[in-house]
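J.: give me a 3D structure for the following:
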Amino acid sequence: MRTLHRLIALLVLGVGIGCSGPSDSGDTDGSVPAETCGEVVGDASGSLDSTLPDSNVPDSLPPDSNVPDSLLPDGNVPDSLLPDGNVPDSLLPDGGVPDVPADQTLPLDKAVGDVSPAEPFAMVSGECGGIDSVELESPSPFLFVNHIDFADDPYDETDFGLLTPGGQEVILDGNAGGSSILSEAFSFEVLHQCEGAVLLKTEMEIVYTDPQGKITDLLVSIDGLKVGVSVTRAVSWPKDAPYPVTQAKDLLDKKLAGIQASTANVTPEDAWTKQILHVLAWSASHAEVLEEVWDGLDPALRGDTLLLVTVTDGDDAFLY
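T.: Numbers count the residues shown, from 1 in each chain. Okay, the predicted model is just below:
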């Protein structure tokens with residue numbers, strides 16, 4: 001019997017020696033080495049089997065064993081395996097984003113859909129929130145004036161992550177040409193912040209009967225209705241010079257005629273209820289000239305267009 005006990009002891013000791021390793025072994029980043037004593041191994045990316053979507057439990061664990069929570073089918077992973085408490089994408093269906101409590105803000109790098117940054121890049125003031133189904137479904141034209149203030153922080157490419165997902169998409173998708181991409185992006189930023197607009201399509205995504213015909217810049221949803229948005233800029237040369245009435249009239253005549261042409265050209269799938277002519281104006285005096293000209297335009301040219309004039313304040317030269 002003593003001989004049998006010695007044999008058993010030797011077998012146990014042999015297993016212990018075969019599974020042990022140096023006390024300082026392991027990756028410096030905390031990952032588990034591929035060749036470990038146990039059956040919990042990583043895939044080619046270094047992820048533990050227990051963190052993979054199928055949450056496989058190693059075969060070496062007998063059915064009646066106590067299995068750590070991190071290996072259970074619910075995919076719970078100990079905090080020590082997660083940098084900053086982030087849940088790996090493999091644990092989320094379709095690479096989705098974890099639910100966020102109502103009192104928390106979703107991080108910018110996890111922004112989806114219509115989720116916006118905690119604070120807008122530039123603040124909008126003035127007439128805001130006045131565009132809804134009443135104005136959009138009316139056969140009459142309307143005029144609104146507001147302001148966006150960049151203070152002493154002009155936009156540059158390092159600020160991309162501070163835009164809404166819609167503003168980012170406008171920049172990433174590009175446009176049909178010219179230097180207006182930032183004015184189109186900030187047109188959406190104003191409409192989203194002020195009117196709750198949701199981006200449906202960017203300039204190159206809208207479908208037209210004649211691809212060579214007149215087009216508009218954005219297709220958004222406001223109050224559940226599709227709205228086309230044509231964006232332009234009102235600025236003098238030099239910029240601080242008075243804005244000539246003739247220049248303002250030429251601008252509005254051209255853009256309003258283009259709105260009527262693009263409305264006739266858009267296909268039924270993207271047809272909008274109304275178009276907004278969104279003018280970014282260099283100064284309040286520019287806006288006043290535009291209002292004066294708007295009031296004197298032929299009603300047939302104005303049609304049912306909604307004119308939104310946004311005065312850009314602060315360090316806004318990047319838009320022009």
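
J.: how about residue 167, secondary structure?
T.: In three-state terms, and counting by DSSP: H, G, I helix; E, B strand; the rest coil, residue 167 is helix.

J.: now the one 10 residues further on
T.: Classification of residue 177 using three-state DSSP returns coil.

J.: and if you look at residue 310?
T.: Assigned by three-state DSSP, the conformation of residue 310 is strand.

J.: hang on, isn't it packed against residue 146?
T.: Yes: counting by Cβ atoms under 8 Å, residue 310 does reach residue 146; the two are 5.5 Å apart. (C-beta placed from N, C-alpha, C; glycine too.)

J.: quick one, longest helix in the protein?
T.: Scanning the chain for the longest helix, with DSSP state H as the assignment, gives helix 245-265.

J.: without its sequence neighbours, what residue ends up closest to residue 315?
T.: If you skip the residues right next to it in sequence, residue 315 has residue 154 as its closest partner in space, 4.2 Å away by Cβ to Cβ, 6 or more residues apart in numbering.

J.: okay, now the one you found: neighbour count?
T.: The number of residues packed around residue 154, counting by other Cβ atoms under 10 Å, is 14.

J.: my guess is it contacts residue 318. True?
T.: Yes: the pair residue 154 / residue 318 is scored as a contact, 4.8 Å apart, by Cβ under 8 Å.

J.: for the stretch 51-200 of the chain, just list every one of the strands.
T.: Listed from the start of the chain, the stretch 51-200 of the chain has strands (DSSP state E, counting those that start in this stretch) covering 123-126, 142-149, 198-202.

J.: to residue 297, which of those strands lies closest?
T.: strand 142-149 (10.8 Å; Cβ to Cβ).

J.: got the CA coordinates for the closest one in CSV?
T.: Written as CSV, here are the backbone C-alpha positions of strand 142-149 (Å, rounded to 0.1, in the frame of the first residue of the first chain):
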residue,chain,number,x,y,z
PHE,A,142,-40.2,81.4,-45.4
LEU,A,143,-37.1,83.2,-44.1
PHE,A,144,-35.1,82.5,-41.0
VAL,A,145,-31.9,84.1,-39.7
ASN,A,146,-29.5,82.7,-37.1
HIS,A,147,-25.8,82.7,-36.1
ILE,A,148,-23.0,80.2,-35.6
ASP,A,149,-20.1,81.3,-33.5
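
J.: which stretches of the stretch 201-320 of the chain have low pLDDT?
T.: Scanning the stretch 201-320 of the chain for pLDDT under 70 picks out nothing.

J.: tell me which stretches of it form helices.
T.: 245-265, 284-295, 299-302 (DSSP state H, counting those that start in this stretch).

J.: can I get these in a markdown table including mean neighbour count and distance to residue 125?
T.: Compiled in a markdown table, these are given as follows (neighbours: other Cβ atoms under 10 Å; distance: least, Cβ to Cβ, whole Å):
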| stretch | mean neighbour count | distance to residue 125 |
| --- | --- | --- |
| helix 245-265 | 17 | 23 |
| helix 284-295 | 17 | 12 |
| helix 299-302 | 13 | 26 |
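
J.: of those, which is nearest residue 174?
T.: Using Cβ to Cβ as the measure, helix 245-265 is the one of those that comes nearest residue 174, at 18.2 Å.

J.: contacting residues for residue 282?
T.: If you count contacts by Cβ atoms under 8 Å, 6 or more residues apart in numbering, residue 282 has them with 233, 234, 235, 236, 239, 243, 311, 312, 316, 320.

J.: one more pass at 7 Å, please.
T.: If a contact means Cβ atoms under 7 Å, 6 or more residues apart in numbering, then residue 282 has 234, 235, 236, 239, 312, 320 as its contacts.

J.: give me phi/psi at the closest residue to residue 132 other than its chain neighbours?
T.: Sequence neighbours aside, residue 223 is the residue nearest to residue 132 in space, at 4.6 Å (criterion: Cβ to Cβ, 6+ apart). Residue 223 has phi and psi values of phi 60, psi 30 when expressed as degrees, to the nearest 10.
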